[in-house]
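# Next comes the sequence, and after it the predicted model I'd like to discuss.
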Amino acid sequence: MKLGQYYYLGDLYHFQENRDSGGVPSFNYSVEETLTSMDAFEAFAKEKNAKVYIQHSADDFNRLPKYPKFLN
């Protein structure tokens, strides 16, 4: 099975809802810088046609390819 590009996000997005809405948590140091990072990441992921996984998302964790299926 060919995996392609995978990106695992730490704290850029905490949940899929943040990604869908472009929402930034109130405790972020700089909302403006976070929004800029989100835009840059989304453009990069689209260019690479990447699968994106959000670290804090149980749904994303459960979608991860499991060993040994992910091996070529």
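In hand now; what should we look at?
# can you pull out the helices in the chain?
16-21, 31-48, 58-63 (DSSP state H).
# Show me the one of these that comes nearest residue 6.
Judged by C-beta to C-beta, the one of the helices of the chain that comes nearest to residue 6 is helix 31-48, at 9.8 Å. For every residue, glycine as well, the C-beta is placed using N, CA and C.
# Not counting its own residues, what contacts the closest one?
5, 7, 9, 12, 13, 19, 22, 24, 28, 50, 52 (C-beta atoms under 8 Å, 6 or more residues apart in numbering).
# any chance of the helices of the chain in a markdown table, plus mean neighbour count and mean pLDDT?
Formatted as a markdown table, the helices of the chain follow (neighbours: other C-beta atoms under 10 Å; pLDDT from 0 to 100):
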| stretch | mean neighbour count | mean pLDDT |
| --- | --- | --- |
| helix 16-21 | 14 | 92 |
| helix 31-48 | 13 | 94 |
| helix 58-63 | 11 | 88 |
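# ok, back up a step: of the contacts of helix 31-48, keep whichever come out buried.
9, 12, 13, 19, 24, 52 (16 or more other C-beta atoms under 10 Å).
# residue contacts, the second one?
Which is residue 12. Per C-beta under 8 Å, 6+ apart, neighbours of residue 12: 34, 37, 38, 41.
# Including distance to residue 56, could those go into a markdown table?
Converted to a markdown table, the contacts of residue 12 look like this (distance: C-beta to C-beta, whole Å):
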| residue | distance to residue 56 |
| --- | --- |
| 34 | 15 |
| 37 | 16 |
| 38 | 15 |
| 41 | 16 |
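# Report the two of those separated the most.
Greatest spatial distance among the contacts of residue 12 (C-beta to C-beta): 34 and 41, at 10.3 Å.
# Quick check: the farthest pair among the contacts of helix 31-48?
Pairwise over these, using C-beta to C-beta, the maximum falls at 5 and 28, 26.2 Å.
# and residue 52, what does it touch?
Residue 52 neighbours (C-beta under 8 Å, 6+ apart): 6, 7, 9, 19, 45.
# could you redo the last one with a cut-off of 6 Å?
Shown in contact with residue 52 (C-beta atoms under 6 Å, 6 or more residues apart in numbering): 7, 45.
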